[in-house]
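**Student:** kindly generate the corresponding structure for this input.
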Amino acid sequence: MDKWLLIVEKVSVKERSGNGIPTRGSCSGVQISPRHILTAAHCVVETIGDDHRSEGSDRVVSTMREPEDISVYIGEKEPNSNDSIHCLDIDDTYKITKITAHTYEPSPIERDIALIELSVNISEEVSTPICMPNEELSLDTTIPVTLDGPSNDCLVQRVVAQKYASVNETRHEIETITFARSTCEGDSGGPVFQVDEDGRHILVGLTSWGPECEKHTNINMFSYNVDVRAYVDWVCKYSGVCPIEERKDR
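**Tutor:** Sure, this is the predicted structure:
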């Protein structure tokens, strides 16, 4: 698993299971500094109402989750899971001090990006930050995305090559295509990245939404990802993590 990929576990305080225990769900996230994680905004808010993607749907109400309702950990095994097959050991769960979401709109989905600040730094021995892009960064024809996010059966996460299809500059979305494989529950907030000539992993997007997460055959599957390049100023403002300008004499 990529060292800068983390798991964001959310606890729903509004939806409870039959025994009254708050329900849990998981998303992915990506480390951009020793203390900051980027993820999808829909992973850190609770929505009430019709939140399916439809231009004609009613507006839904979104409320920010409290920091204590979300935890961050590294690895593919969810806490309290007894199944250790193909899972990484989880030594540390990181508490959150602050959550900052952009002006997220859930229906239709827009500005699906959020920033998580941890209470302590993540050791470089555990995980290292991915590089942030510049606004003018050109996308490669093929851009990898990390799929198979956390799930009940503790599937191993994979990096899958997706074909770049288009950019919606109005919604700041990157549309990608894979063959017979779409993003799935748990992939939300995970990184879409490319590797530069120096071998650095550069973040270009965050998994946002897609079709039903079933494995299909003989069909191209489209996924929609937040274009992080459009939000570098916002990320810089709220985290201090800013893109490094390339040297002009290279």
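**Student:** give me the neighbour count for Lys98.
**Tutor:** Residues within reach of Lys98, counting by other C-beta atoms under 10 Å, total 14. Backbone N, C-alpha and C define where each C-beta goes, glycine included.
**Student:** surely it meets Glu68?
**Tutor:** No: the criterion here is C-beta atoms under 8 Å, and Lys98 misses it with Glu68 at 11.8 Å.
**Student:** walk me through the domains of the chain.
**Tutor:** Per automatic domain parsing, the domain ranges recorded for the chain read 5-118, 142-229.
**Student:** could you measure from Ser166 over to Pro108?
**Tutor:** 17 Å (C-beta to C-beta, to the nearest Å).
**Student:** just Tyr224 next, same as before
**Tutor:** 10 Å.
**Student:** the protein: helices as residue ranges?
**Tutor:** Remark: helices assigned in the chain by DSSP state H are 232-239.
**Student:** could you list the low-pLDDT ranges of it?
**Tutor:** 1-25, 47-62, 75-92, 142-164, 179-185, 211-219, 244-250 (pLDDT under 70).
**Student:** 50 instead?
**Tutor:** 1, 11-23, 50-60, 76-89, 147-156, 247-250 (pLDDT under 50).
**Student:** for Cys236, grab the count of nearby residues.
**Tutor:** By other C-beta under 10 Å, 13 other residues sit near Cys236.
**Student:** mind listing what the closest residue to it other than its chain neighbours touches?
**Tutor:** For Cys236, ignoring the flanking residues on the chain, the nearest one in space by C-beta to C-beta, 6 or more residues apart in numbering is Cys242 at 3.9 Å. Cys242 sits next to Met132, Val232, Val235, Cys236 when contact means C-beta atoms under 8 Å, 6 or more residues apart in numbering.
**Student:** now do the first one against Val235, distance only.
**Tutor:** Read that as Met132. Counting by C-beta to C-beta, the gap from Met132 to Val235 is 7 Å.
**Student:** what touches both of the two?
**Tutor:** Contact criterion C-beta under 8 Å, 6+ apart; residues shared by Met132 and Val235: Ile32, Val228, Val241, Cys242.
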